[in-house]
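Undergrad: got a sequence here, can you build the structure:
(2 chains)
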Amino acid sequence: MVDQSTRGKTAEEVRPPESVELPSWERRHVLDLDDFSRPEVEQVIETADAMKEVLGREIRRVPTLRGTIVATLFYETSTRTRSSFELAAKALGADVVTVAAAASSVQKGESLVDSARTLQAIGANILVMRHRQSGAPYLVAGHVDMSVVNAGDGWHAHPTQALLDAYTIQHHLGDLRGKKVVIVGDILHSRVARSNIWGLTTMGAQAVLCGPPTLLPWGLRPGYRGNEDRALPPVEVDTNFDRAIEGADVVMALRLQLERQQAGLLPSLREYVQLYQVNEERLTRAKPNVLVMHPGPINEGLEISPEVAHGARSVIEEQVTNGVAVRMALLYLLAKGR
Amino acid sequence: MNDSLGIRGGRILDPGCGVDLVGDVLIREGRVAAIGPDVATEAEHIVDASGLIVCPGLVDIHCHLREPGFEHKETMETGTRAAARGGFTTVCSMANTEPAIDSRAGVEYILRTAAAQGAVRVLPIGCISRGRQGKELAEMGDLAGAGAVGFSDDGSPVADAALMRHALEYSTAFGLPVIEHCEDLSVSHEGVMHEGWVSNRLGLRGIPAAAEEAAIARNIGLAELTGAHLHVAHVSTRESVELIRRAKARGVQVTAEVAPHHLALTDEAVMLAATESPGGLAYDTNAKVNPPLRPRPDVDACIEGLADGTIDAIATDHAPHAIEDKLCEFDFAAFGISGFETALALCLSLVHEGKLDLSTVIYKLTAGPVRALGLERFVPGLGSLAEGAPGDVLVFDPEAEWVVEPERFVSKGKNTPLAGRTLKGRVVATVCGGRAVFMEEGVAVSHGR
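TA: Numbering: from 1, shown residues only, chains lettered A, B, ... in the order given. This next block holds a predicted model:
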């Protein structure tokens, strides 16, 4: 495969900027943010800044990871996360192997561990995986020598999303300490919310979770007796969005799966919109420069009004762009750390 | 004395008969002939039990031997040998085989296979409903006639309350208990572990305690209505214990059992395994069991229930599985713990921690289960060392420590969340019907006079 973008360039011209040279990176896997320290998150953010610079160049490609094979194994359909990882890997000069589970040996009854080991046997160094079942990347990480990057597992974690969210917030608002970030919607089934709880609290932000009681997990609901040591970190929970949004620096809406209503968790989508939609009227209660975020894909007019989704305070598209830079940063750090 | 076995010099504990003395057990022609100081000096074969505990062979009223249908998980032969390894001499096999034990032929198959291949005594449990489908009653009369000791659709709760009512009513004709796995499936809704902060942390679908409690409350109501004997399988929550306590107090014919893992482990075992895991989260499928492991207050309530008599018996719910049933995503893993070979030591951990006394634990593993299900009528003297009782004896060292190595299990099922853990309390010898069915390495039967 001839790499058109770097053809004719010398290695000097496409070398990543100096700031990418960072001291140490001990981590082998990125499974969730629960075991990330603040300096580690900062290191990712700084590295992502350098990567963003690369992405701004005319030739958006460096040979840093030439010879590295990144495999993406997706058991759940995903357009943005997978293409984001693949673009990130290619921008660093890595080779990419894509396995869509629907077309793979899953249907032949091959187990997850076997599928991952097969990718390792063909030479993959980093496995990026998404799975409908919580914990699946942990199972794989326990049975392979490759680095495993969790691109979303069930309701559990989506660490790269939370990192790109932290990156985006910091880019606009600076230090996250003391910033009020309201996450609204289906917290119960949301891996984005769970990883963000870790990421935001690690960075010193005040996370507020808001949603109807049926979509708030046990343990976060009002009246819960307290958090044990190893539970999710303590966060504020409010079922009243109008109250929760007061003075917010960031409002993050989550995608509402339409089947939640059919499953009896919500009386109607109409009522959900009335109580929990992020719209212009509600944003007047937040800080004037509030950031509006969404991990996508959006149900316009449901969890967020179209005016807000495409309005001046929305950084939703920027989240997507930053996602590539953050994933480049992670792939770089993992490959260099090996 | 021909055909006699003497177990000499141990501390003999038979809580069901109020026996606690140092002495010998003499077994002749497969039955207990005498207990007391120096009664076995003349025995043909001698086992030296000095410094050890000698008690009736353990009785497990809830286990899965997997045969017929799932011989890759366990067979009659491996399952009963594992039972013997764990100190059990009588086990009641659950009916969720393939085909399910819902006919006379099924019960006869179990009894025949056990007689031919079993290391210990097997008492079969038959189905409540045909094919365990929860639609129509199984031929309970025929099952009883063939030798079933109770009825259960274990693994699948009887969802339909009217069918449950009729099962309870009908069972009274045979004087056999209905053993129910109490779970309201509409509440547990495909959950895979206890619903609490751990499930929230791991993003796993939870099974709330109320799924069990709602079903127990319903079934107690139906037992009260019909006057039938309801036996509640594997109780695991505080409110379940309380419901049974109150039902017993007002005279409802209800008995209950608890599994060793529900007495010794909490839901945190799903998150934290004995060995280190990547990312610090184990997602240990070997700790996936139904009912799920519960938080500490529920565990403590189950222990309290044993101590005050609310819970009649400890039953293993031994549920062996093949490697591939557990080496997969947590959601897809089979429920169940291979329990025979760790049950005694887990229960003894409660004694070592000062939570229960030794005679209570032994009672709940011997006379307790026999009385709960009324097994005396099938095997007179079962669960005791009374004269004429079956020559079923367990000799164990309550202080000996050992490390759980699943690969060394006799059971085909290596699925235990205890791998790598050090347990205290070890089986030295298991005697069933006067025959040694397990002897610890290095322990010998010597020839007496």
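Undergrad: now the residue of the stretch 301-449 of chain B at minimum distance from chain A, nearest residue through space, not along the chain?
TA: Nearest to chain A, among the residues of the stretch 301-449 of chain B, is B:Glu329, at 3.9 Å (CB to the nearest CB). The way it works is simple: take the backbone N, C-alpha and C, and place the C-beta from them, glycine included. The shortest distance from B:Glu329 to any residue that is not its chain neighbour, by CB to CB, 6 or more residues apart in numbering or on different chains, is 3.9 Å, and that residue is A:Gln133.
Undergrad: that neighbour contacts B:Ala333, doesn't it?
TA: No. Using CB atoms under 8 Å, A:Gln133 and B:Ala333 do not qualify as a contacting pair, with a distance of 9.8 Å.
Undergrad: number of nearby residues for A:Leu232?
TA: 21 (other CB atoms under 10 Å in any protein chain shown).
Undergrad: list the contacts of the residue in chain A that chain B sits nearest to.
TA: Among residues of chain A, the one nearest chain B by CB to the nearest CB turns out to be A:His156. It sits 2.9 Å away. With CB atoms under 8 Å, 6 or more residues apart in numbering or on different chains as the criterion, the residues that contact A:His156 are A:Asp32, A:Ser134, A:Gly135, A:Arg191, A:Arg194, B:Leu202, B:Gly203, B:Leu204.
Undergrad: now the first one: how far from A:Asn196?
TA: Okay, so that is A:Asp32. From A:Asp32 across to A:Asn196, the span is 11 Å (CB to CB, to the nearest Å).
Undergrad: could you pull out the strands in the stretch 151-300 of chain A for me?
TA: Taking DSSP state E, counting those that start in this stretch as the criterion, the stretch 151-300 of chain A carries its strands at A:180-184, A:206-210, A:236-238, A:250-253, A:291-293.
Undergrad: mind listing what the closest residue to B:His72 other than its chain neighbours touches?
TA: Leaving aside its sequence neighbours, B:His72 sits nearest to B:Ala322 (CB to CB, 6+ apart; 5.2 Å). Under the criterion of CB under 8 Å, 6+ apart, the contact list for B:Ala322 reads B:His72, B:Lys73, B:Lys412, B:Gly413.
Undergrad: pick the one among the residues you listed closest to B:Val445.
TA: Proximity of the contacts of B:Ala322 to B:Val445 was ranked by CB to CB; the top entry is B:Lys412 with 27.6 Å.
Undergrad: tell me the pLDDT at that closest one?
TA: The pLDDT attached to B:Lys412 in the predicted structure is 98.
Undergrad: ok, longest helix in the chain?
TA: All of this refers to chain A. As assigned by DSSP state H, the longest helix anywhere in chain A is helix A:316-337.
Undergrad: sorry, should have said chain B
TA: Under DSSP H, the helix in chain B containing the largest number of residues is helix B:209-226.
Undergrad: after the helix or strand of chain A with the lowest mean pLDDT comes which helix or strand?
TA: Every helix and strand of chain A was ranked by mean pLDDT, DSSP states H and E. The lowest is helix A:11-14, at a mean of 41. Beyond helix A:11-14 in the direction of the C-terminus, DSSP states H and E gives the next helix or strand as helix A:38-55.
Undergrad: can you give me the helices for the stretch 251-400 of chain B?
TA: Remark: helices assigned in the stretch 251-400 of chain B by DSSP state H, counting those that start in this stretch are B:260-264, B:268-271, B:296-307, B:323-326, B:340-352, B:358-365, B:367-373.
Undergrad: what sits against the closest residue to B:Glu242 other than its chain neighbours?
TA: What sits nearest to B:Glu242 in space, not counting adjacent residues and going by CB to CB, 6+ apart, is B:Ala301, at 7.5 Å. Contact partners of B:Ala301, counting by CB under 8 Å, 6+ apart, are B:Thr237, B:Arg238, B:Val241, B:Glu242.
Undergrad: before we move on, back to that, who's more crowded, A:Asp32 and A:Asn196?
TA: For A:Asp32 versus A:Asn196, the count of surrounding residues by other CB under 10 Å is larger for A:Asn196: 31 against 26.
Undergrad: excluding chain neighbours, what is closest to that one?
TA: Taking CB to CB, 6+ apart as the measure, A:Asn196 lies nearest to A:Ala162, with 4.6 Å between them; neighbours along the chain are not counted.
Undergrad: over to B:Arg28?
TA: For B:Arg28, ignoring the flanking residues on the chain, the nearest one in space by CB to CB, 6+ apart is B:Ser4 at 4.5 Å.
Undergrad: need the buried ones from the contacts of B:Ala301 selected in PyMOL.
TA: The buried subset of the contacts of B:Ala301, as determined by 16 or more other CB atoms under 10 Å in any protein chain shown, is captured in PyMOL by this line:
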select buried, chain B and resi 237+238+241
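Undergrad: now, the contacts of B:Ala301 that are in helices?
TA: Among the contacts of B:Ala301, the members that lie in helices (by DSSP H) are B:Arg238, B:Val241, B:Glu242.
Undergrad: which positions in chain A make contact with chain B?
TA: Contact residues, chain A versus chain B (CB under 8 Å from any CB of the partner chain): A:28-29, A:31-32, A:34-35, A:111-113, A:131, A:133-136, A:138-139, A:141-142, A:148, A:153-157, A:191, A:194, A:217-220, A:227-228, A:230-232.
Undergrad: going through these, which ones are buried?
TA: Those of the residues of chain A next to chain B that meet the buried threshold are A:28-29, A:31-32, A:34-35, A:111-113, A:131, A:133-136, A:138-139, A:141-142, A:148, A:153-157, A:191, A:194, A:217, A:219-220, A:227, A:231-232, by 16+ other CB under 10 Å.
Undergrad: what bits of chain B have low per-residue confidence?
TA: Judged against pLDDT under 70, the low-scoring parts of chain B cover residues B:1-2, B:449.
Undergrad: can you name the residue of it nearest chain A?
TA: B:Gly203 (2.9 Å).
Undergrad: count of neighbours near the closest residue to the residue of chain A closest to chain B other than its chain neighbours?
TA: The spatially closest residue to A:His156, leaving aside those adjacent along the chain, is B:Gly203, at 2.9 Å (CB to CB, 6+ apart). Each residue near B:Gly203 was counted by other CB under 10 Å, and the total is 25.
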